[in-house]
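Asks: Please find the sequence and the predicted model below.
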Amino acid sequence: MGILIGGLIGYRLGGFIGMLLGAWLGHQVTQFISGDRRFTKQNRSAIQHSFFKALFVSMGKLAKLDGVVSRQEIDRAEIIMNKMKLTPELRQQAINYFNLGKQAHYKIERDLTDFRQKSRTSLSLKQFFLEMLIDMATVDGDIDNAEQHLIEQICQLIGYPLAMLHAMFKMRSSSYYQQHDNQNHRQDQTRPASLNDPYRVLGVAKTADKQTVRRAYKKLMSQHHPDKLVSKGLPPEMMKVAEEKAKNIQLAWEEIKDLRGW
């Protein structure tokens, strides 16, 4: 098709010689596009593996940062593995990577650099990666200085903008919401923890207007669309994790609308 179209265009512009030149250019374009598609398909599994390994070694390093891996941190890692519905082989691999990351002598920099090189400019995939680490760090409370410093190092190694990470830190900090909460909103302990504060899920202050909240909701839904993330290299086993994040974003938006009467 590329040869045909290129030849027709070339013929109209330059006669027989133009047709030959146009057909050759059309062939080159067709080869480039098909080659790029083959590269993308073949490379996706490599991206998925690099994401998988980099995530669990980073989680292990983060968990052992204070010298002791807490029960909450182990539970959090197990929850992620359970949601991924890993095969026994992949589950053992995830555990091995987690334990590898805990070792003081193990350098996670090479795994993070590998993930950066393979994921290239996919910011949404890198953001999802960092969100998983922040979830791990906040499982036992707010992020402390050592945890923040390590995640910042990871952020730079995978090529994600540091300013965007700092915005994520700010929005996930409970102190941020204590400063901006002018309402006595009682949390319902019967709901999932992630939905106790819908403003925190969307990363907005409780005083934010409708336009700000809606903009944050739409942006997050776009960034966390499971199919979009998988197409960029998210391991398919993490589809359930991505779906749950997207669900929580949707429910947070619905809850805020009910609370504010929008």
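Replies: Yep, it's here. Numbers count the residues shown, from 1 in each chain.

Asks: mind listing the helices for the protein?
Replies: Applying DSSP state H to the chain gives helices spanning 2-63, 71-84, 88-102, 109-119, 123-137, 145-158, 162-172, 174-180, 198-202, 210-223, 226-231, 239-260.

Asks: The ones you listed into a markdown table, with extra columns for mean neighbour count?
Replies: (Each C-beta comes from the backbone N, C-alpha and C, glycine too.) Written out in a markdown table, the entries for the helices of the chain read as follows (neighbours: other Cβ atoms under 10 Å):
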| stretch | mean neighbour count |
| --- | --- |
| helix 2-63 | 17 |
| helix 71-84 | 16 |
| helix 88-102 | 16 |
| helix 109-119 | 19 |
| helix 123-137 | 20 |
| helix 145-158 | 17 |
| helix 162-172 | 14 |
| helix 174-180 | 13 |
| helix 198-202 | 23 |
| helix 210-223 | 16 |
| helix 226-231 | 16 |
| helix 239-260 | 17 |
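
Asks: and those as CSV, adding mean pLDDT?
Replies: Rendered in CSV, the data for these read as follows (pLDDT from 0 to 100):
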stretch, mean pLDDT
helix 2-63, 69
helix 71-84, 79
helix 88-102, 91
helix 109-119, 92
helix 123-137, 87
helix 145-158, 93
helix 162-172, 81
helix 174-180, 43
helix 198-202, 84
helix 210-223, 86
helix 226-231, 74
helix 239-260, 85
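
Asks: so how far is residue 134 from the residue nearest in space to the middle of the chain?
Replies: With distances taken as Cα atoms, centre = their mean, the residue of the chain nearest its centroid is residue 128 (1.4 Å). Taking Cβ to Cβ, to the nearest Å as the criterion, residue 128 is separated from residue 134 by 11 Å.

Asks: Equivalent analysis for residue 143, please.
Replies: From residue 143 over to residue 134 (counting by Cβ to Cβ), the distance is 7 Å.

Asks: What of residue 220?
Replies: 14 Å.

Asks: do you know how far the residue nearest to the centre of the chain is from residue 232?
Replies: Using Cβ to Cβ, which is the criterion applied here, residue 128 is 9 Å from residue 232.

Asks: Please apply the same query to residue 166.
Replies: When Cβ to Cβ is applied, the distance between residue 166 and residue 232 equals 23 Å.

Asks: Would you work out how far apart the start and end of stretch 199-217 are?
Replies: Start and end residues of stretch 199-217 are separated by 10 Å (Cα to Cα, to the nearest Å).

Asks: got it, and stretch 112-127?
Replies: 14 Å.

Asks: Let me see the residues that make contact with it.
Replies: By Cβ atoms under 8 Å, 6 or more residues apart in numbering, the surrounding residues in contact with stretch 112-127 are 43, 46-47, 50-51, 53-54, 58, 129, 154, 157-161, 164, 168, 223-224, 228-229, 232-234.

Asks: Ok, stretch 134-154 next?
Replies: With contact meaning Cβ under 8 Å, 6+ apart, stretch 134-154 is reached by 58-59, 61-63, 65-66, 70, 72-73, 75-77, 108, 112, 130, 133, 162, 165, 168-169, 172-175.
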